[in-house]
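Trainee: everything below, folded, please.
(one chain, ligands or ions: 1)
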Amino acid sequence: MPDYAQLDRDYVWHPFTQQQGWSEEEPLVIERGEGSYLYDSEGRRYLDGTAALWCNVHGHRHPAIDAAVREQLDRVAHTTMLGLTHPGATDLAARLVEIAPAGLSRVFYSDSGSTAAEIALKIAFQYQQQRGETRRTRFVRLREAYHGDTIGSVSVGGIDLFHSTYRPLLFETHVAEPGDAADLERVLAAHGEEVAAVVVEPLVQGAAGILVQPEGYLRDARGLCDRFGVLLVCDEVATGFGRTGTMFACEQEGVAPDLMCLAKGITGGYLPLAATLTSEEIYEGFLGSYEEFKTFFHGHTYTGNPLACAAALASLDVFEQERTLERLQPKIVLFDELLAEVAAMPEVAEVRQKGFMVGIDLGPHDDALRMGHRVTVEARKRGAFIRPLGNTVVLMPPLSISEDELRELVAIAGTAIKATVATAPGQELPQAA
Ligand SMILES: *Cc1c(COP(=O)(O)O)cnc(C)c1O
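Mentor: Reported below is the predicted structural model:
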């Protein structure tokens with residue numbers, strides 16, 4: 001068998017990874033997955049506590065999704081949405097509109113969360129220009145926001161560690177405090193007339209460390225957008241497809257955004273696909289004769305890929321057939337109970353949870369100690385793959401995880417945290433001091 005670890009060290013550059021440290025550690029080479037587990041090249045298995053980085057919904061190798069992709073493969077793997085259409089893209093668009101918050105009636109496909117956000121920004125901007133609101137060229141973003149890694153989506157992001165390097169390349173925005181409607185009102189009162197849209201992650205700011213917004217914030221944001229004539233963009237890339245306990249997070253506040261970004265869970269975590277949904281009013285703002293040039297001049301090569309659409313349709317079928325959301329509710333309650341024990345650990349500062357999005361915050365530690373990372377190394381030894389966001393340990397299992405597997409995952413996270421704090425240099429518990 002080829003030495004994949006060595007090939008990786010020799011040729012691969014990993015995302016969000018300091019390669020210097022990476023090449024000093026033994027990489028985990030994953031060869032296959034099954035349900036909630038991943039299997040490495042040595043045959044060891046790990047609970048997938050990241051759901052393939054927040055996108056797997058029904059588990060790995062789900063028979064129905066596997067079959068749908070194979071069937072599509074027997075027809076055609078890829079065509080184009082520029083000048084053509086296909087059954088998967090049309091069926092899926094209709095299904096998405098059916099399950100999306102009321103008023104969202106058009107689906108623009110792309111292939112990642114970043115492009116879904118980028119597209120929402122460009123549509124919002126162009127829509128405002130074309131309806132004569134030419135002063136509305138700015139966006140309001142939330143501090144600590146994350147909408148992807150392309151330059152436009154980074155412009156409305158606010159995580160300094162990821163984004164500050166690029167500041168000179170980014171367009172200017174107005175910044176509101178996360179979860180603080182009074183602050184959003186202040187920003188809109190001061191600058192509302194030049195704002196095209198407010199961009200938010202509904203209910204939970206994921207990449208910020210699973211920051212949960214206070215109840216009512218999203219509803220208030222919707223109200224403020226209406227009052228100031230500003231569009232509301234909800235980036236449901238992380239929260240969509242059941243992550244927070246409902247199909248979309250917006251539903252929990254009865255909010256319908258003007259634009260909604262979907263990606264990650266849309267294919268059940270199988271293939272890259274994204275969609276930006278818009279209201280009919282926005283869609284109509286782009287209609288006109290060819291020479292008016294109101295066209296939305298944007299499109300990616302793999303936009304609306306048929307294999308990805310087949311996976312997405314099969315995933316929506318599984319939601320219905322397996323009553324995924326209904327069966328998720330008792331698991332959220334169990335997760336909550338299990339996490340109460342973790343929250344009580346002296347090594348843990350805070351646990352933040354919304355549905356199946358969980359952040360276990362270890363509190364402030366010296367960056368150089370990489371406490372979050374150390375916890376994931378300890379977890380790996382105990383049979384779970386998890387990832388940190390700084391000093392926050394994130395648990396984001398597939399929605400299909402069983403109750404026993406969930407118990408195992410939380411138990412491993414707890415013991416890994418204990419082991420890390422006990423062995424990291426210079427770490428002493430407050431009460432031990
Ligand atoms: C992950 C994420 C993105 C970016 O998605 P990619 O597919 O990684 O480009 C955008 N917005 C939110 C809220 C996300 O969590």
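
Trainee: can I take it that Val198 is in a helix?
Mentor: No: going by DSSP: H, G, I helix; E, B strand; the rest coil, the assignment for Val198 is strand, not a helix.

Trainee: what number of residues lie near it?
Mentor: Applying other CB atoms under 10 Å, we find 29 residues neighbouring Val198. (Glycine included, C-beta is placed from N, CA and C.)

Trainee: now it. Nearest residue, chain neighbours left out?
Mentor: Val140 (4.4 Å; CB to CB, 6 or more residues apart in numbering).

Trainee: contacting residues around that neighbour?
Mentor: Val140 sits next to 173-176, 184, 187-188, 191, 195, 197-199, 230 when contact means CB atoms under 8 Å, 6 or more residues apart in numbering.

Trainee: let's see it at 6 Å
Mentor: 174, 176, 187, 195, 198 (CB atoms under 6 Å, 6 or more residues apart in numbering).

Trainee: from these, which is closest to Arg352?
Mentor: The shortest approach to Arg352 among those belongs to Ala176, at 19.8 Å (CB to CB).

Trainee: distance check, that closest one against the ligand.
Mentor: 16 Å (CB to the nearest ligand atom, to the nearest Å).

Trainee: again with Gly383
Mentor: 26 Å.

Trainee: packing partners for the helix or strand where Ala64 lies?
Mentor: Using DSSP states H and E, the element containing Ala64 is helix 63-73. Applying 3 or more CB pairs under 6 Å, 6 or more residues apart in numbering; DSSP states H and E, one finds that helix 63-73 contacts helix 306-321.

Trainee: and the helix it packs on, is it in reach of the ligand?
Mentor: No: judged by CB under 6 Å from any ligand atom, helix 306-321 stays clear of the ligand, getting no closer than 12.3 Å.

Trainee: got the CA positions of the next helix or strand after that helix in PDB?
Mentor: Using DSSP H and E, the helix or strand that follows helix 306-321 towards the C-terminus is helix 324-343. The C-alpha trace of helix 324-343 is given here as PDB (Å, rounded to 0.1, in the frame of the first residue of the first chain):
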ATOM      1  CA  THR A 324     -35.200  12.700  10.700                       C
ATOM      2  CA  LEU A 325     -36.300  15.900  12.400                       C
ATOM      3  CA  GLU A 326     -38.900  14.200  14.600                       C
ATOM      4  CA  ARG A 327     -36.400  11.600  15.700                       C
ATOM      5  CA  LEU A 328     -33.800  14.300  16.300                       C
ATOM      6  CA  GLN A 329     -35.800  16.000  19.100                       C
ATOM      7  CA  PRO A 330     -35.200  13.400  21.900                       C
ATOM      8  CA  LYS A 331     -31.500  13.200  20.900                       C
ATOM      9  CA  ILE A 332     -31.300  17.000  21.400                       C
ATOM     10  CA  VAL A 333     -32.700  16.600  24.800                       C
ATOM     11  CA  LEU A 334     -30.200  13.800  25.600                       C
ATOM     12  CA  PHE A 335     -27.400  15.800  24.200                       C
ATOM     13  CA  ASP A 336     -28.400  18.600  26.500                       C
ATOM     14  CA  GLU A 337     -28.500  16.300  29.500                       C
ATOM     15  CA  LEU A 338     -25.100  14.800  28.700                       C
ATOM     16  CA  LEU A 339     -23.600  18.200  28.200                       C
ATOM     17  CA  ALA A 340     -24.800  19.400  31.600                       C
ATOM     18  CA  GLU A 341     -22.200  17.100  33.100                       C
ATOM     19  CA  VAL A 342     -19.500  18.500  30.800                       C
ATOM     20  CA  ALA A 343     -20.500  22.000  31.700                       C
END
